[in-house]
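Colleague: Build me a model from this:
(one chain, ligands or ions: 1)
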Amino acid sequence: MNDERKVLQVFKGETRFPPPIWLMRQAGRYLPEYRETRKRAGSFLDLCYNPELAVEVTLQPIRRFAFDAAILFSDILVVPHAMGRDLRFEEGRGPIMSPISPADVGRLDRERFHVNLSPVYETVRELRQKLPAETTLIGFCGAPWTVATYMIAGHGTTDQAPARLFGYRDPEAMKGLLETIAECSAEYLIRQIDSGADAVQIFDSWSGVLDEASFDAYCVAPVAAIVRKVKSVHPGVPVIGFPKGGGSRFDDYREKTGVSVLGLDWTVPLSQARRLQEGGPVQGNLDPMRLVAGGSALDSGVDSILEALGEGPLVFNLGHGITPETPVENVERMLKRVRGAWR
Ligand code: CP3
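Modeller: Presented below is the predicted three-dimensional model:
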(Lines give C-alpha, C1' and ligand atoms only; values in the text may rest on other atoms or scores of the structure.)
Protein backbone atom coordinates (compact mmCIF):
# COMPACT_ATOMS: atom_id res chain seq x y z
CA MET A 1 0.00 0.00 0.00
CA ASN A 2 2.84 2.35 0.88
CA ASP A 3 4.18 1.74 -2.63
CA GLU A 4 1.52 4.06 -3.98
CA ARG A 5 2.62 6.99 -1.82
CA LYS A 6 4.58 9.09 -4.28
CA VAL A 7 5.81 11.72 -1.82
CA LEU A 8 7.14 8.98 0.44
CA GLN A 9 8.87 7.32 -2.51
CA VAL A 10 10.62 10.56 -3.44
CA PHE A 11 11.60 11.16 0.19
CA LYS A 12 13.26 7.74 0.00
CA GLY A 13 15.27 8.77 -3.05
CA GLU A 14 13.20 7.89 -6.11
CA THR A 15 12.68 10.31 -8.98
CA ARG A 16 9.13 10.86 -10.28
CA PHE A 17 8.09 13.16 -13.09
CA PRO A 18 5.89 15.13 -12.87
CA PRO A 19 6.96 15.47 -9.24
CA PRO A 20 4.43 14.87 -6.46
CA ILE A 21 3.23 18.04 -4.73
CA TRP A 22 1.94 19.40 -1.42
CA LEU A 23 2.14 22.90 0.09
CA MET A 24 3.32 24.08 3.46
CA ARG A 25 0.31 25.51 5.38
CA GLN A 26 -2.00 23.95 2.78
CA ALA A 27 -4.77 23.89 5.42
CA GLY A 28 -5.38 27.53 6.22
CA ARG A 29 -7.18 30.80 5.82
CA TYR A 30 -6.93 31.02 1.99
CA LEU A 31 -9.63 28.27 1.95
CA PRO A 32 -13.24 29.33 2.66
CA GLU A 33 -14.00 25.90 4.15
CA TYR A 34 -11.10 26.34 6.62
CA ARG A 35 -12.42 29.74 7.72
CA GLU A 36 -15.82 28.14 8.28
CA THR A 37 -14.48 25.28 10.44
CA ARG A 38 -12.19 27.67 12.28
CA LYS A 39 -15.23 29.74 13.27
CA ARG A 40 -17.00 26.65 14.58
CA ALA A 41 -13.95 25.61 16.63
CA GLY A 42 -13.66 28.82 18.62
CA SER A 43 -10.01 29.65 19.10
CA PHE A 44 -7.15 28.46 16.90
CA LEU A 45 -5.82 26.31 19.77
CA ASP A 46 -9.27 24.74 20.26
CA LEU A 47 -9.03 23.70 16.63
CA CYS A 48 -5.55 22.20 17.13
CA TYR A 49 -6.73 20.12 20.13
CA ASN A 50 -10.04 18.96 18.63
CA PRO A 51 -9.29 15.74 16.69
CA GLU A 52 -12.55 15.75 14.78
CA LEU A 53 -12.10 19.32 13.49
CA ALA A 54 -8.31 19.03 13.06
CA VAL A 55 -8.90 15.95 10.88
CA GLU A 56 -11.52 17.88 8.92
CA VAL A 57 -9.24 20.85 8.13
CA THR A 58 -6.33 18.53 7.27
CA LEU A 59 -8.56 16.74 4.74
CA GLN A 60 -10.00 19.92 3.17
CA PRO A 61 -7.08 20.67 0.83
CA ILE A 62 -6.77 16.96 -0.02
CA ARG A 63 -10.43 16.83 -1.12
CA ARG A 64 -10.18 20.06 -3.08
CA PHE A 65 -6.80 19.61 -4.78
CA ALA A 66 -5.84 15.93 -4.27
CA PHE A 67 -2.40 16.93 -3.01
CA ASP A 68 -0.01 13.96 -2.78
CA ALA A 69 0.66 14.55 0.91
CA ALA A 70 -1.36 15.74 3.89
CA ILE A 71 0.31 17.52 6.80
CA LEU A 72 -1.09 17.05 10.27
CA PHE A 73 -3.01 20.15 11.32
CA SER A 74 -1.49 21.54 14.49
CA ASP A 75 1.08 24.19 15.39
CA ILE A 76 4.75 24.09 16.40
CA LEU A 77 3.91 25.91 19.65
CA VAL A 78 1.79 23.08 21.10
CA VAL A 79 5.14 21.64 22.29
CA PRO A 80 5.97 24.43 24.78
CA HIS A 81 2.26 24.65 25.61
CA ALA A 82 2.30 20.94 26.56
CA MET A 83 5.29 21.71 28.83
CA GLY A 84 3.14 24.09 30.83
CA ARG A 85 3.97 27.40 29.11
CA ASP A 86 0.95 29.58 28.45
CA LEU A 87 -0.03 30.29 24.85
CA ARG A 88 -2.75 32.10 22.99
CA PHE A 89 -3.21 33.29 19.43
CA GLU A 90 -4.45 36.82 18.85
CA GLU A 91 -6.12 37.84 15.63
CA GLY A 92 -3.63 39.81 13.55
CA ARG A 93 -0.81 39.41 16.10
CA GLY A 94 -0.07 35.69 16.06
CA PRO A 95 1.16 33.71 19.06
CA ILE A 96 1.49 35.33 22.49
CA MET A 97 3.33 33.63 25.40
CA SER A 98 4.82 34.75 28.72
CA PRO A 99 8.56 35.22 27.99
CA ILE A 100 10.60 32.45 29.60
CA SER A 101 13.43 33.51 31.96
CA PRO A 102 16.70 31.57 32.42
CA ALA A 103 15.42 30.49 35.85
CA ASP A 104 12.26 29.01 34.29
CA VAL A 105 14.22 26.67 32.02
CA GLY A 106 14.80 24.07 34.75
CA ARG A 107 11.14 24.23 35.71
CA LEU A 108 9.65 23.13 32.40
CA ASP A 109 7.08 20.48 33.24
CA ARG A 110 7.45 17.30 31.20
CA GLU A 111 5.23 15.17 33.43
CA ARG A 112 2.02 15.70 31.45
CA PHE A 113 3.64 16.32 28.05
CA HIS A 114 2.20 13.32 26.20
CA VAL A 115 -1.15 13.46 28.00
CA ASN A 116 -1.51 17.06 26.88
CA LEU A 117 -0.62 16.11 23.32
CA SER A 118 -2.83 13.03 23.15
CA PRO A 119 -5.45 14.83 20.98
CA VAL A 120 -2.71 15.35 18.38
CA TYR A 121 -1.85 11.63 18.38
CA GLU A 122 -5.57 10.87 18.04
CA THR A 123 -5.74 13.24 15.05
CA VAL A 124 -2.87 11.39 13.35
CA ARG A 125 -4.51 7.99 13.93
CA GLU A 126 -7.82 9.14 12.49
CA LEU A 127 -6.12 10.82 9.56
CA ARG A 128 -4.33 7.65 8.53
CA GLN A 129 -7.67 5.86 8.49
CA LYS A 130 -9.49 8.54 6.53
CA LEU A 131 -6.86 9.57 3.99
CA PRO A 132 -6.70 7.91 0.57
CA ALA A 133 -4.12 5.06 0.63
CA GLU A 134 -1.91 6.92 -1.86
CA THR A 135 -1.65 10.10 0.24
CA THR A 136 1.51 10.44 2.30
CA LEU A 137 0.87 11.66 5.85
CA ILE A 138 3.47 14.11 7.19
CA GLY A 139 3.86 14.83 10.89
CA PHE A 140 5.91 17.75 12.15
CA CYS A 141 7.43 19.77 14.93
CA GLY A 142 9.24 23.08 15.16
CA ALA A 143 13.02 22.99 15.43
CA PRO A 144 14.15 23.84 18.98
CA TRP A 145 15.64 27.20 17.94
CA THR A 146 12.48 28.40 16.22
CA VAL A 147 10.29 27.23 19.11
CA ALA A 148 12.68 28.91 21.56
CA THR A 149 12.44 32.26 19.73
CA TYR A 150 8.72 32.45 20.55
CA MET A 151 9.20 31.18 24.13
CA ILE A 152 11.86 33.82 24.81
CA ALA A 153 10.34 36.89 23.10
CA GLY A 154 6.78 35.89 23.98
CA HIS A 155 5.66 36.77 20.43
CA GLY A 156 6.94 36.80 16.87
CA THR A 157 9.71 39.23 15.93
CA THR A 158 11.39 39.84 12.58
CA ASP A 159 15.01 39.41 13.68
CA GLN A 160 14.75 37.25 16.82
CA ALA A 161 16.92 39.76 18.71
CA PRO A 162 15.52 38.71 22.13
CA ALA A 163 16.46 35.04 21.60
CA ARG A 164 19.90 35.90 20.18
CA LEU A 165 20.59 38.09 23.20
CA PHE A 166 19.33 35.41 25.59
CA GLY A 167 21.86 32.99 24.06
CA TYR A 168 24.81 35.40 24.29
CA ARG A 169 23.99 36.46 27.84
CA ASP A 170 23.20 33.04 29.24
CA PRO A 171 24.60 30.28 27.01
CA GLU A 172 23.96 27.61 29.65
CA ALA A 173 20.26 28.47 29.94
CA MET A 174 19.99 28.50 26.14
CA LYS A 175 21.68 25.11 25.90
CA GLY A 176 19.34 23.67 28.54
CA LEU A 177 16.29 25.12 26.84
CA LEU A 178 17.23 23.78 23.41
CA GLU A 179 18.11 20.35 24.82
CA THR A 180 14.80 20.08 26.64
CA ILE A 181 12.82 21.11 23.57
CA ALA A 182 14.85 18.68 21.44
CA GLU A 183 14.22 15.71 23.76
CA CYS A 184 10.50 16.41 23.98
CA SER A 185 10.21 17.07 20.24
CA ALA A 186 11.91 13.77 19.39
CA GLU A 187 9.45 11.89 21.60
CA TYR A 188 6.62 13.88 20.04
CA LEU A 189 7.70 12.90 16.51
CA ILE A 190 8.17 9.26 17.51
CA ARG A 191 4.61 9.15 18.84
CA GLN A 192 3.30 10.77 15.65
CA ILE A 193 5.05 8.06 13.63
CA ASP A 194 3.71 5.37 16.01
CA SER A 195 0.25 6.82 15.31
CA GLY A 196 0.61 6.62 11.53
CA ALA A 197 2.76 9.46 10.14
CA ASP A 198 4.83 8.32 7.10
CA ALA A 199 7.44 11.07 7.40
CA VAL A 200 8.13 14.04 9.67
CA GLN A 201 9.26 17.58 8.97
CA ILE A 202 11.25 19.81 11.33
CA PHE A 203 10.41 23.49 10.68
CA ASP A 204 13.31 25.85 11.45
CA SER A 205 11.72 29.04 10.17
CA TRP A 206 14.20 31.35 11.90
CA SER A 207 17.55 29.66 11.26
CA GLY A 208 18.47 32.43 8.81
CA VAL A 209 19.13 35.06 11.49
CA LEU A 210 22.07 33.29 13.16
CA ASP A 211 25.82 33.78 12.85
CA GLU A 212 28.05 30.80 12.09
CA ALA A 213 28.73 29.60 15.63
CA SER A 214 25.13 30.14 16.72
CA PHE A 215 23.83 28.28 13.66
CA ASP A 216 25.94 25.27 14.65
CA ALA A 217 24.97 25.41 18.31
CA TYR A 218 21.29 26.36 18.02
CA CYS A 219 20.15 24.85 14.71
CA VAL A 220 22.46 21.99 13.79
CA ALA A 221 23.14 20.39 17.19
CA PRO A 222 19.53 20.22 18.50
CA VAL A 223 18.15 19.02 15.16
CA ALA A 224 20.90 16.38 15.00
CA ALA A 225 19.83 15.20 18.47
CA ILE A 226 16.20 14.91 17.33
CA VAL A 227 17.13 13.01 14.16
CA ARG A 228 19.35 10.60 16.10
CA LYS A 229 16.60 9.79 18.56
CA VAL A 230 13.86 9.43 15.93
CA LYS A 231 16.07 7.24 13.71
CA SER A 232 16.99 5.01 16.65
CA VAL A 233 13.32 4.05 16.95
CA HIS A 234 12.12 4.46 13.34
CA PRO A 235 15.21 4.11 11.12
CA GLY A 236 13.27 3.92 7.84
CA VAL A 237 11.12 7.01 8.30
CA PRO A 238 12.24 10.06 6.31
CA VAL A 239 12.96 13.24 8.26
CA ILE A 240 12.71 16.52 6.33
CA GLY A 241 14.81 19.42 7.58
CA PHE A 242 13.66 22.94 6.66
CA PRO A 243 16.31 25.41 7.85
CA LYS A 244 14.71 28.48 6.28
CA GLY A 245 17.29 31.02 5.16
CA GLY A 246 20.10 28.47 5.65
CA GLY A 247 21.86 29.82 2.53
CA SER A 248 25.36 28.46 2.09
CA ARG A 249 24.92 26.22 5.13
CA PHE A 250 22.47 23.71 3.64
CA ASP A 251 25.18 21.13 2.73
CA ASP A 252 26.67 21.17 6.14
CA TYR A 253 23.26 21.08 7.77
CA ARG A 254 22.21 17.92 5.96
CA GLU A 255 25.48 16.16 6.68
CA LYS A 256 25.65 17.09 10.35
CA THR A 257 21.96 16.70 11.26
CA GLY A 258 21.41 13.47 9.32
CA VAL A 259 18.07 14.66 7.85
CA SER A 260 17.10 12.61 4.80
CA VAL A 261 15.37 15.40 2.86
CA LEU A 262 16.15 19.13 2.56
CA GLY A 263 13.30 21.63 2.43
CA LEU A 264 14.53 24.64 0.47
CA ASP A 265 13.26 28.20 0.85
CA TRP A 266 12.78 30.33 -2.27
CA THR A 267 16.04 32.25 -1.86
CA VAL A 268 18.11 29.12 -2.60
CA PRO A 269 19.43 29.51 -6.18
CA LEU A 270 18.29 26.65 -8.43
CA SER A 271 21.91 25.90 -9.36
CA GLN A 272 22.67 25.32 -5.69
CA ALA A 273 19.43 23.35 -5.28
CA ARG A 274 20.48 21.09 -8.12
CA ARG A 275 23.84 20.45 -6.50
CA LEU A 276 22.14 19.72 -3.18
CA GLN A 277 19.83 17.28 -4.96
CA GLU A 278 22.84 15.17 -5.96
CA GLY A 279 23.18 14.36 -2.26
CA GLY A 280 19.53 13.50 -1.64
CA PRO A 281 15.89 14.48 -2.19
CA VAL A 282 14.86 18.12 -2.04
CA GLN A 283 11.52 19.82 -1.46
CA GLY A 284 10.52 23.29 -2.53
CA ASN A 285 10.98 26.05 -3.42
CA LEU A 286 8.50 28.36 -5.20
CA ASP A 287 8.23 31.86 -3.75
CA PRO A 288 4.75 31.99 -2.11
CA MET A 289 4.34 35.51 -3.58
CA ARG A 290 4.48 34.03 -7.09
CA LEU A 291 1.46 31.98 -6.10
CA VAL A 292 -0.30 35.12 -4.87
CA ALA A 293 0.58 37.02 -8.06
CA GLY A 294 -0.43 34.25 -10.47
CA GLY A 295 -0.13 34.64 -14.24
CA SER A 296 3.29 34.57 -15.86
CA ALA A 297 5.10 35.15 -12.55
CA LEU A 298 3.63 31.87 -11.36
CA ASP A 299 4.11 29.96 -14.60
CA SER A 300 7.74 30.94 -15.03
CA GLY A 301 8.52 30.15 -11.39
CA VAL A 302 7.02 26.67 -11.74
CA ASP A 303 8.81 26.01 -15.02
CA SER A 304 12.22 27.04 -13.68
CA ILE A 305 11.93 24.63 -10.77
CA LEU A 306 10.77 21.74 -12.95
CA GLU A 307 13.55 22.39 -15.43
CA ALA A 308 16.30 22.64 -12.82
CA LEU A 309 15.17 19.89 -10.46
CA GLY A 310 12.82 17.63 -12.44
CA GLU A 311 15.45 15.03 -13.25
CA GLY A 312 16.19 14.18 -9.64
CA PRO A 313 14.21 13.40 -6.50
CA LEU A 314 11.93 16.44 -6.05
CA VAL A 315 8.78 17.05 -4.05
CA PHE A 316 7.25 20.21 -5.44
CA ASN A 317 6.33 22.72 -2.71
CA LEU A 318 6.51 26.39 -1.83
CA GLY A 319 9.62 27.89 -0.26
CA HIS A 320 7.53 28.77 2.82
CA GLY A 321 3.86 28.60 3.85
CA ILE A 322 0.98 29.64 1.62
CA THR A 323 -0.38 33.02 2.70
CA PRO A 324 -4.05 33.87 3.45
CA GLU A 325 -4.40 36.24 0.47
CA THR A 326 -3.56 33.49 -2.06
CA PRO A 327 -6.34 33.11 -4.67
CA VAL A 328 -7.60 29.51 -4.82
CA GLU A 329 -7.62 29.66 -8.62
CA ASN A 330 -3.86 30.29 -8.61
CA VAL A 331 -3.36 27.06 -6.67
CA GLU A 332 -5.42 25.28 -9.34
CA ARG A 333 -3.33 26.89 -12.09
CA MET A 334 -0.09 25.81 -10.42
CA LEU A 335 -1.32 22.24 -9.98
CA LYS A 336 -2.34 22.02 -13.62
CA ARG A 337 1.05 23.25 -14.72
CA VAL A 338 3.02 20.87 -12.47
CA ARG A 339 0.83 17.85 -13.23
CA GLY A 340 0.71 18.56 -16.95
CA ALA A 341 4.47 18.97 -17.22
CA TRP A 342 6.34 16.73 -19.63
CA ARG A 343 9.91 16.32 -20.73
O1 CP3 B 1 1.01 23.34 7.08
C2 CP3 B 1 -0.11 23.03 7.51
O3 CP3 B 1 -1.15 23.13 6.84
C4 CP3 B 1 -0.20 22.45 8.91
C5 CP3 B 1 -0.41 23.35 9.96
C6 CP3 B 1 0.65 24.31 10.46
C7 CP3 B 1 0.27 25.52 11.10
N8 CP3 B 1 1.40 26.11 11.61
C9 CP3 B 1 -1.11 26.02 11.21
C10 CP3 B 1 -1.34 27.45 11.52
C11 CP3 B 1 2.04 24.22 10.53
C12 CP3 B 1 2.96 23.17 9.94
C13 CP3 B 1 2.50 25.36 11.26
C14 CP3 B 1 3.92 25.60 11.59
C15 CP3 B 1 4.30 26.85 12.25
N16 CP3 B 1 3.62 27.55 13.20
C17 CP3 B 1 5.55 27.49 12.07
C18 CP3 B 1 6.66 26.98 11.18
C19 CP3 B 1 6.40 27.24 9.75
C20 CP3 B 1 6.31 28.68 9.36
O21 CP3 B 1 5.24 29.08 8.89
O22 CP3 B 1 7.31 29.41 9.52
C23 CP3 B 1 5.57 28.62 12.89
C24 CP3 B 1 6.70 29.62 13.00
C25 CP3 B 1 4.35 28.64 13.62
C26 CP3 B 1 3.93 29.62 14.66
C27 CP3 B 1 2.72 30.36 14.23
N28 CP3 B 1 1.46 29.82 14.14
C29 CP3 B 1 2.64 31.73 13.86
C30 CP3 B 1 3.79 32.69 13.83
C31 CP3 B 1 1.30 31.97 13.56
C32 CP3 B 1 0.69 33.30 13.23
C33 CP3 B 1 0.93 33.70 11.84
C34 CP3 B 1 -0.30 33.47 11.00
O35 CP3 B 1 -0.16 32.93 9.91
O36 CP3 B 1 -1.38 33.84 11.49
C37 CP3 B 1 0.58 30.76 13.69
C38 CP3 B 1 -0.85 30.56 13.45
C39 CP3 B 1 -1.25 29.46 12.51
N40 CP3 B 1 -0.69 28.21 12.46
C41 CP3 B 1 -2.32 29.52 11.56
C42 CP3 B 1 -2.38 28.25 10.95
C43 CP3 B 1 -3.37 27.79 9.92
C44 CP3 B 1 -3.25 30.71 11.34
C45 CP3 B 1 -4.10 30.93 12.54
C46 CP3 B 1 -5.59 30.97 12.28
O47 CP3 B 1 -6.15 30.15 11.52
O48 CP3 B 1 -6.22 31.83 12.90
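
Colleague: Quick check, Arg40 in contact with Leu53.
Modeller: Yes. With contact defined as C-beta atoms under 8 Å, Arg40 counts as touching Leu53 (6.9 Å). C-beta here means a position set from N, CA and C on the backbone, and glycine is covered the same way.

Colleague: burial count for the closest residue to Leu59 other than its chain neighbours?
Modeller: Spatial nearest neighbour of Leu59, excluding adjacent residues (C-beta to C-beta, 6 or more residues apart in numbering): Lys130 at 6.4 Å. Neighbour count for Lys130, taken as other C-beta atoms under 10 Å: 14.

Colleague: my guess is Lys130 meets Ile62, correct?
Modeller: No. At 9.4 Å, Lys130 does not count as touching Ile62 under the criterion of C-beta under 8 Å.

Colleague: if we can go back for a sec, neighbour count winner among Arg40 and Leu53?
Modeller: Leu53 (19 against 11).

Colleague: Next up, the contacts around the more buried one.
Modeller: Applying C-beta atoms under 8 Å, 6 or more residues apart in numbering to Leu53 gives the contacts Thr37, Arg40, Ala41, Leu47.

Colleague: Quick one: list the elements packing against the strand or helix carrying Ile152.
Modeller: In this structure, Ile152 sits in helix 144-153 according to DSSP states H and E. For helix 144-153, the packing partners by 3 or more C-beta pairs under 8 Å, 6 or more residues apart in numbering; DSSP states H and E come out as helix 78-82, helix 161-169, helix 171-195, strand 199-204, helix 221-233.

Colleague: Tell me the confidence at the residue nearest to the spatial centre of the chain?
Modeller: Nearest residue to the geometric centre of the chain (C-alpha atoms, centre = their mean): Phe203, 4.1 Å. As predicted, Phe203 sits at a pLDDT of 98.

Colleague: That one: what's it in contact with?
Modeller: The contact partners of Phe203, taken as C-beta under 8 Å, 6+ apart, are Ile76, Phe140, Cys141, Gly142, Ala143, Thr146, Phe242, Lys244.

Colleague: Same check on Gln283?
Modeller: Ile240, Phe242, Val261, Leu262, Gly263, Leu264, Leu314, Val315, Phe316, Asn317.

Colleague: any idea how far Leu53 lies from Gly284?
Modeller: 29 Å (C-beta to C-beta, to the nearest Å).

Colleague: Near the ligand, which residues of this structure are found?
Modeller: Within reach of the ligand by C-beta under 6 Å from any ligand atom, the chain has these residues: 24-29, 38, 44, 71, 73, 75-77, 89, 94-95, 140, 142, 146, 156, 203, 205, 321.

Colleague: when you check those against the strands, which ones overlap?
Modeller: Using DSSP state E, Ile71, Phe89, Gly94, Pro95, Phe140, Gly142, Phe203 are the members of the residues of the chain next to the ligand that sit in strands.

Colleague: part of a strand, is Gln283?
Modeller: Yes. Assignment of Gln283 by DSSP: H, G, I helix; E, B strand; the rest coil places it within a strand.
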